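>>> what's the 3D shape of this:
(chains A and B)
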Amino acid sequence: MDLHLLFPFTDRSVPTWSVEARLLRWLTLLWVTLGLVVLYSASYPVAAADHGDGLYFCKRQILGILVGLVVFNTVVHTSLERTLKISPYLFFGCLSLLLVTLVPHLGTQVNGAARWLVLGPVEIQPSELIKPFLLLQGAWLFGRWRSLNPSAILVWLGLFGLMLLAILMQPNLSNTALCGMTLWLIALGAGLPFTYLGLTALSGILVAGLSISVRSYQRRRVMSFLDPFADPEGDGYQLVQSLLAVGSGGLWGSGFGLSAQKLFYLPIQYTDFIFAVFAEEFGLLGCLALLVFLVAYATLCLRIALRSQQLVHRLITLGGMVLLVGQALLNIGVATGALPTTGLPFPLFSYGINSVVSSLMIAGLIVRVARESSLMKTKAS
Amino acid sequence: MLRVTRARAVLVWVVLVLACLGLAGNLYHLQVQEAGFLKARARMQQQITFPAMTKRRPIQDAQGETLALDQPVFTLYAHPIQFNHISRHAMAVALAPLIHQPVAALEALLGTAPTGIRVADDLTPQVADQIKALYQDGLELEPHDYRFYPQQDLFAEVVGFVNQAMQGQAGVEYSQESLIAYEQRPFSIYRTGEGYTLPENLRERRDLTLKLTLDGRLQRVAQTALAQQVLKDKADRGAAIVMDAHTGALLTLVTSPTYNPNKYYDAPYNLFKDWAVADLYEPGSTIKPLNLSIALTLGVIKPDSIIDDPGKIMVGGWPIEDFEYSTSGGMGPISVTKVLEYSSNVGMARIMLRLPPRVYYHWLERLGLGKPVTTDLPFAAASYLTDINTFANYPIEPATAAFGQGLSLTPLQLVQLHGIIASGGLLLEPHVVDGLYNPDGEKVWPLQTISAPRIFAPEITHQVLEMMEAVVQRGTGVPAQIPGYRIGGKTGTAQIPDPQGGYYHGRTIDSFIGILPVENPRYVVAVVVENPQSPDAFGATVAAPVAKTIMEALLTLQAIPPSQPIPTLSPSP
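Predicted structure coming up:
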């Protein structure tokens, strides 16, 4: 095996890729770099205060990026057929770990939610790691919807349901919603009848409503986003601080590194509310530029999806687009009060090794789709 | 199938793009439309704002000792209506040890009103912190500044004091209000969510210090010596001044009695006007060296001229006598130096009558007589000189002016006049303000010194100074002698004019003025004591000893080496 292929910067095969594949690779690397720059500013004060090293989170994030880039290149150089063969096992593995987090004393509690498994120095967050395999399995299931036998479909739908339930039980409503929406949008892209889709959406909303009504803290949060200033010191605190940061940015922003809100007014400013720091420092112009970037990324994904000749590949691209761009938009929606305050990282911006690795793997899958489409064309010609 | 899913794929993309547009609209709302409100609210929690205030700069002496400074103090108000889960009794128990009031009285006070009770004044920041540490609702600490004078009464006559409204009322605090008082612009400092303040903005607060030329050590010596003499002789009052004749800077200015500016409201108000600057007296014989300088300059005498002193002469129908004429009679022909040495009134009158009176008058005007001294101390009084026609038409006027009667000036102006002799002929501005200094010790104002006008040639003042040295060596100034040092001086014992006409009997103002060291004149020392009650009160007995004490301290502090070997008394065999 050629070890040069493991890292994007030593990969000499790139010039042979299709334009879309190369472009997406560059956009992904740009995203990673931007994310690191934003994380540097957002995490410095809290890292300095909590760990005595302002670069603490940056260093660990870089470690995650390095691991993620290896995964990225591995995926890019592995045929999707092969990846799809291994994927179910890795999906089961992640699902098992996800279920283990629910076992008392094994899952590490963070903010009242059991999301982590600590294995020595490695912290594993199965709900993040499962996303690329959920994507692969979802694309496979809905892409083969008409050719699979009903029992297999039911089994897989049951497994997806179990996964969503497990994430919901952590509890992690936002990730559940994201995964559910991703599956739903893959199904939408797969051309499933609107009646099925409508019913599923309805039941999903019902489940979400039920979850909220059972857990009072989630209900209060969901209600508080409608009028955060009603209780700025209590339930509305996080959103109020985020809105103050975003608003303080104004048109031009306060300048890189000059967020005042990140100085311990904003909660978890280096993960869930990293966009608030970005918005304060770069202002409306920076935010619009970021949105333009996300649209460009999504458009490139769409182009790749439309050019791919296989439905499963197209659905992998669409789902990946939702998991990367869609999740980023959900994070922005939370930070700007357009959505209920729930914890969801901004892909490749927020601190989190699991999230970085998982996001880079998803990006790698899309690049692989772009490469295979052009390979097939080359073969056909 | 793939054709259907192409449309669906675009649909998924459209969902994301629509979400983007929605978020962009929301961001525009937050960052443009609501930005003002959100930013203001964010600043409210991030910033601590200090309102515009009138502050006063600290004042220091030449050694950097603080003479006056603003101290933050707090007034404690209580609003019992806001007390939270605490009784008035418990609150009184908590507060009593901090503000040193009895619990019972405090509890009673807290019961007098539901809100706005003024509990204690002038609390120090330390006590205020202790009160804050109680974490009780219903207590309010209102900060304000209090002008504190750590040297108590030592510099009162120069520094002055401020009233309750922080406005200067006397001394430099009054005359240099524009240098001392400044408007502190409102400013904000940032703090973190954890309450720590950030150093940003603090760099702009570079407070300047007003530095005076006074030497606190010499000031203390002078004050003590003067106060003892005034007490011993039961004098009405006294003043002592030391001036640096290189610059006109005052090293010392004390009066006795004085007051404590921290408790100015307990002092008699007439003390607030520094009499060494604001009150006139007839200088008497201490003016003679200046008159000799004029006569030498105009050439009517030479240093070795001989003047005949019969002890008593008549001028314009008025008798002029030497002080000891009734006991010793006339001295006969004597040198100009002896005229000064023995303080001969007749000799001086004869010398000055050699000048055309109008010329003499103009020279007195050139010295600044008839005008107030230009100085940075407040309330300087204009000295008194009769009008030119009277002076020219009545020979008795120039004759008495020759020995310091019929004209009057302030002790400070006398120092200025002798500064001409000490400086080699320059009319210096006596001043106490050195300038404004920044925290790095750099002078930021004034950056230039004013050049002083020349009155006499250096040779003239040198000749007069040597005559003054003879006064201390052999004449009336002997009590001011300091072994090893060459000191020039002149005593003065002037009568106090009665506003009804003539002079009070038995009331004198005794003074001594010294210049040292003669070989390199630098310092002018003046001591003036008004109305001492002791029977043999003269300049030589009352003022010269005080001047000697001050000069001894001055020589030590300025590390001036003796000009001759100090004679030691060898034990007799």
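
>>> Around chain B, pick out the residues from the stretch 1-150 of chain A.
Counting by C-beta under 8 Å from any C-beta of the partner chain, the stretch 1-150 of chain A comes close to chain B at A:Pro45, A:Ala49. Heads up, the C-betas are built off the backbone N, CA and C, glycines and all.

>>> Flag the shaky bits of the stretch 1-150 of chain A, pLDDT-wise.
Along the stretch 1-150 of chain A, segments meeting pLDDT under 70 span A:1, A:105-114.

>>> Please, where are all the strands along it?
Using DSSP state E, counting those that start in this stretch, the strands found in the stretch 1-150 of chain A span residues A:107-110, A:113-119, A:122-124.

>>> show me what contacts A:Val356?
If a contact means C-beta atoms under 8 Å, 6 or more residues apart in numbering or on different chains, then A:Val356 has A:Val32, A:Gln61, A:Gly64, A:Ile65, A:Val67, A:Gly68, A:Leu348 as its contacts.

>>> again, only using 7 Å
Contacts for A:Val356 (C-beta atoms under 7 Å, 6 or more residues apart in numbering or on different chains) come out as A:Gln61, A:Gly64, A:Ile65, A:Gly68, A:Leu348.

>>> what do you get for B:Thr508?
The neighbours of B:Thr508, taking C-beta under 7 Å, 6+ apart as the test, are B:Thr493, B:Ala494, B:Gln495, B:Ile496, B:Asn531, B:Ala537.

>>> Can you tell me the SS state at it?
strand (DSSP: H, G, I helix; E, B strand; the rest coil).

>>> mind checking the SS state of the closest residue to chain B within the stretch 251-381 of chain A?
Nearest residue of the stretch 251-381 of chain A to chain B: A:Phe264, at 3.2 Å (C-beta to the nearest C-beta). Three-state assignment for A:Phe264 (three-state DSSP): coil.

>>> what domains does the record give for chain B?
Following automatic domain parsing, chain B resolves into domains at B:71-148, B:216-265+B:274-557.

>>> With mean pLDDT added, can I get those domains in a markdown table?
What follows is these, written out as a markdown table (pLDDT from 0 to 100):
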| stretch | mean pLDDT |
| --- | --- |
| domain B:71-148 | 89 |
| domain B:216-265+B:274-557 | 92 |
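
>>> Give me whichever of those domains is most buried.
Comparing the domains of chain B by mean neighbour count (mean count of other C-beta atoms under 10 Å in any protein chain shown), domain B:216-265+B:274-557 ranks first with a mean of 20.

>>> just the contacts of B:Thr508 now: which is nearest A:Val295?
Closest to A:Val295 out of the contacts of B:Thr508 is B:Asn531 (97.9 Å), distances taken as C-beta to C-beta.

>>> Kindly indicate whether the closest residue to chain A within the stretch 351-500 of chain B is helix, strand or coil.
Across the stretch 351-500 of chain B, the shortest distance to chain A (C-beta to the nearest C-beta) belongs to B:Pro439, at 27.5 Å. Classification of B:Pro439 by three-state DSSP places it in coil.

>>> Output the below-cut-off pLDDT ranges for the stretch 251-381 of chain A.
The stretch 251-381 of chain A contains residues with pLDDT under 70 at A:376-381.
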